[in-house]
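**Q** Below: sequence and its predicted model.
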Amino acid sequence: MFWWHSRPRFQFSSHQWNAIIVVACPRASAYFRRQEEMKISGGGDFIQPCSALMAISPWDSVKLIGIIIFFTQYENGEENGTEIVWTANRNNYVNMDSELVQASDGSLALRDERGRRHVWGTDAAGENAALFLLDSGNLQLKDQKRIEWQSFDHPTDTLLQGQNLSASMKLISAASALDLSEGPYSLEMEVTSMVLSWRSEQVYWRRVAMQEKALILTGKGRIYARLEPGGYLAMYQTESALVDMFPLDTYRQNVSLRRLKMESDGNLRSYYWRPPRWEIDFEAVQSSCELPSFCGAYGVCTAGNPNPNCTRLCVGKFMPAPFQNGSAATLGCPPGGSSLNFCRGWKGGVARIPGMDFPYRQFARFLSVASETECQELCVDNCSCAAAFYHNYSNRCYQVPAPLEMTLVQVGTQEKVALLKLIQVKKEHERDSSLHSRVLWTLLVLFSTAIGAVAVVVCGFVLFIKISKRRCADKDNVIEMSQKFIGGLPGLSLP
């Protein structure tokens, strides 16, 4: 049961955007949709069956409850192009005992466990505040035409047409196609550019403002980005200062709707709506092998047409990991897990693999060295280094910190060499033998300890008997001497 307290007021001017207030697939859902399709239940809530959401693959096997905005267009009674563009509580979905509360000050709050835990909310908005879902896809909380809160100020992984991305915002990818919570990739604004970063640390794509129409001036504020209806991605310092204009493939074409998405694989893609589907008109990273972890940790990516090929890299005594081919990233072969530590008495070796490079190298720091041997020694002596990549033609040495979670890229030249630190991991039969030896050793130690304990007890008992006999003899002597002493005193005698 989903509870309403002071049920929020909703007004819709959108004909293609839908706001789901509750999603609980594959069960029934209570959510708000386009005005002409609202059905009012006996309790006053708007009810629609969850079957309308089955086009959002793979939600038929996932139970989610939250506040979500998604796009759907109808044609011949069927939904096409269903796409989630905003989620309020993406990292903290709630259960069916939750409640959406509108307080007397107009603020909204999503609470779990019958109101005991605050999950999501807005600031005060006024007692006459109501929610509006605009045709732009923007969900606004307004009081007397004044915007108190809007979803456009809190993007998740998607930037819609006409929506700003400021320096205080990020587009953060989903963890995977099955998990809508925050992932490791993000689109962020810098002083003179927009960048894609991995785990908010490593930049792997950058678009620098060309400043052809206007210069970026100190003291005039930070730049921001916007996806424009004309088919270009723009960067502004002010509304009158266009500092960069990056045309998309559909530049100046008659397109009704656009969106820019930070994908779960780490790529940034722009889409336009061409019924009955979304089409791509921009892709930031042209080759999937240049994405930080397309094939998973210690995976090897080989460029191919049309799709790249992912293989495992298992060298030395690396422990094999499950390898799965999928539409998203595949798993590589991490040596014994992702929690490798080379700083605690590491005694492994180094695997030399020619013809290997790594993604984002044009954004990575490097050291100038005299030889490959020097590059290897620098990594070996640095316990935070998991691997080094040596470019022979430029004598550049790139160090990659642990844990190594990126994908390696196979290249056509032997001038690039990967130097991977190894940790010895025993094979299955070796682990079984080692376990058997440890069990026998443990039993031997326990048996010896038990024998020693028995010996100590026996010796202690014998010693106790001897001491007791000696104490008894001493006591008899004391009594005898006491009798003699007391008996010798005038007027005293012992019975």
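**A** Arrived safely.
**Q** Point out where the stretch 151-300 of the chain drops to low pLDDT.
**A** Low-confidence segments of the stretch 151-300 of the chain, defined by pLDDT under 70, are absent.
**Q** 90 instead, please
**A** Across the stretch 151-300 of the chain, residues meeting the criterion (pLDDT under 90) sit at 177-180, 200-201, 256, 275-277, 295-299.
**Q** Sort out which residues of the helix or strand encompassing residue 259 are buried, please.
**A** Using DSSP states H and E, the element containing residue 259 is strand 258-262. Of the residues in strand 258-262, those with enough neighbours to count as buried (16 or more other C-beta atoms under 10 Å) are 258-262. Backbone N, C-alpha and C define where each C-beta goes, glycine included.
**Q** List the contacts of it.
**A** With C-beta atoms under 8 Å, 6 or more residues apart in numbering as the contact definition, strand 258-262 has outside contacts at 71, 83, 85, 157-161, 171-173, 185-187, 196, 227, 229, 231, 233, 248, 268-273, 278, 282.
**Q** Return the members of those residues classed as buried.
**A** For those, a neighbour count by 16+ other C-beta under 10 Å gives the buried set as 71, 83, 85, 157-161, 171-173, 185-187, 196, 227, 231, 233, 248, 268-273, 278, 282.
**Q** quick one: which of these sit in strands?
**A** Among the buried ones among the contacts of strand 258-262, DSSP state E puts 71, 83, 85, 158-160, 171-173, 185-187, 196, 227, 233, 268-273, 278, 282 in strands.
**Q** residues contacting the closest residue to residue 262 other than its chain neighbours?
**A** The shortest distance from residue 262 to any residue that is not its chain neighbour, by C-beta to C-beta, 6 or more residues apart in numbering, is 4.0 Å, and that residue is residue 171. Residue 171 makes contact with 155-159, 165, 186-187, 260-262, 268 under the criterion C-beta under 8 Å, 6+ apart.
**Q** Repeat the analysis, applying 7 Å as the threshold.
**A** Under the criterion of C-beta atoms under 7 Å, 6 or more residues apart in numbering, the neighbours of residue 171 are 155, 157-159, 165, 186-187, 262.
**Q** between those, which is nearest residue 223?
**A** Distance ranking of the contacts of residue 171 against residue 223, using C-beta to C-beta, places residue 165 first at 10.0 Å.
**Q** how close does that closest one get to residue 181?
**A** 20 Å (C-beta to C-beta, to the nearest Å).
**Q** Neighbour count for those two, which is higher?
**A** With neighbours defined as other C-beta atoms under 10 Å, residue 165 and residue 181 compare such that residue 165 has more, 23 against 14.
**Q** In this structure that one contacts residue 189, no?
**A** Yes. Using C-beta atoms under 7 Å, residue 165 is in contact with residue 189, at 6.4 Å.
**Q** Now do the shared contacts for those two.
**A** Taking C-beta under 7 Å, 6+ apart as the contact criterion, the common neighbours of residue 165 and residue 189 are 224-225.
**Q** Tell me which stretches of the stretch 251-400 of the chain form helices.
**A** Listed in chain order, the helices of the stretch 251-400 of the chain (DSSP state H, counting those that start in this stretch) span 372-380.
**Q** burial measure for residue 241, as a count.
**A** Around residue 241 there are 17 other residues, counting by other C-beta under 10 Å.
**Q** beta partners for it?
**A** The bridge-partner assignment for residue 241, based on DSSP bridges, gives residue 238.
**Q** Can you pull the domain assignment for this structure?
**A** Listed by automatic domain parsing, the domain ranges of the chain are 1-154, 158-286, 290-421, 432-463.
**Q** end to end, how far does the second one reach?
**A** The straight-line separation of the ends of domain 158-286 (C-alpha to C-alpha, to the nearest Å) is 20 Å.
**Q** The third one too?
**A** Start to finish, the residues bounding domain 290-421 are 22 Å apart (C-alpha to C-alpha).
**Q** Test my guess that residue 87 contacts residue 68.
**A** Yes. In terms of C-beta under 7 Å, residue 87 counts as a neighbour of residue 68; the distance is 5.1 Å.
**Q** Tell me where the stretch 51-200 of the chain has strands.
**A** Listed in chain order, the strands of the stretch 51-200 of the chain (DSSP state E, counting those that start in this stretch) span 68-75, 78-87, 99-102, 108-112, 117-121, 130-133, 139-143, 146-150, 158-160, 164-165, 171-174, 182-189, 193-198.
**Q** what about the third one, average pLDDT?
**A** Meaning strand 99-102. The average pLDDT for strand 99-102 rounds to 77.
**Q** For it, enumerate the helices and strands it packs against.
**A** Under the contact criterion of 3 or more C-beta pairs under 7 Å, 6 or more residues apart in numbering; DSSP states H and E, strand 99-102 touches strand 3-5, strand 108-112.
**Q** So in that sheet, which strands flank that strand, and in what orientation?
**A** Strand 99-102 sits in its sheet next to strand 3-5 (parallel), strand 108-112 (antiparallel), going by DSSP bridges.
**Q** Just give me the lowest mean pLDDT stretch among those strands.
**A** Here those differ in mean pLDDT, and the lowest is strand 3-5 at a mean of 39.
**Q** if I look at the closest residue to residue 151 other than its chain neighbours, how far off is residue 415?
**A** Leaving out its chain neighbours, the residue that sits closest to residue 151 by C-beta to C-beta, 6+ apart is residue 139, at 4.2 Å. When C-beta to C-beta is applied, the distance between residue 139 and residue 415 equals 54 Å.
**Q** Make sure residue 245 is indeed in a strand.
**A** Yes. When DSSP: H, G, I helix; E, B strand; the rest coil is applied, residue 245 is found to be in a strand.
**Q** ok now do it, which residues does it touch?
**A** Remark: with contacts taken as C-beta under 7 Å, 6+ apart, residue 245 is in contact with 232, 234.
**Q** Could you give the bridge partners of it?
**A** residue 234.
**Q** do residue 196 as well
**A** Under DSSP bridges, the beta-bridge partners of residue 196 are residue 187, residue 205.
**Q** Am I right that it is in contact with residue 189?
**A** No. Using C-beta under 7 Å as the test, residue 196 is too far from residue 189 to be in contact (11.5 Å).
**Q** what comes up buried for stretch 184-204?
**A** Judged by neighbour count (16+ other C-beta under 10 Å), stretch 184-204 contains these buried residues: 184-190, 192-198, 202-204.
**Q** no, scratch that, I was asking about stretch 71-78
**A** By 16+ other C-beta under 10 Å, the buried positions in stretch 71-78 come out as 71-73.
**Q** Quick one: mean pLDDT over that stretch.
**A** On average, stretch 71-78 scores 71.
**Q** likewise stretch 366-381?
**A** Throughout stretch 366-381, pLDDT has a mean value of 96.
**Q** what comes up buried for it?
**A** Using 16+ other C-beta under 10 Å as the burial criterion, the residues of stretch 366-381 that qualify are 366, 369, 372, 375-380.
**Q** Reformat those as JSON lines; add distance to residue 149.
**A** What follows is the buried residues of stretch 366-381, written out as JSON lines (distance: C-beta to C-beta, whole Å):
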{"residue": "366", "distance to residue 149": "46"}
{"residue": "369", "distance to residue 149": "54"}
{"residue": "372", "distance to residue 149": "57"}
{"residue": "375", "distance to residue 149": "53"}
{"residue": "376", "distance to residue 149": "55"}
{"residue": "377", "distance to residue 149": "57"}
{"residue": "378", "distance to residue 149": "52"}
{"residue": "379", "distance to residue 149": "50"}
{"residue": "380", "distance to residue 149": "54"}
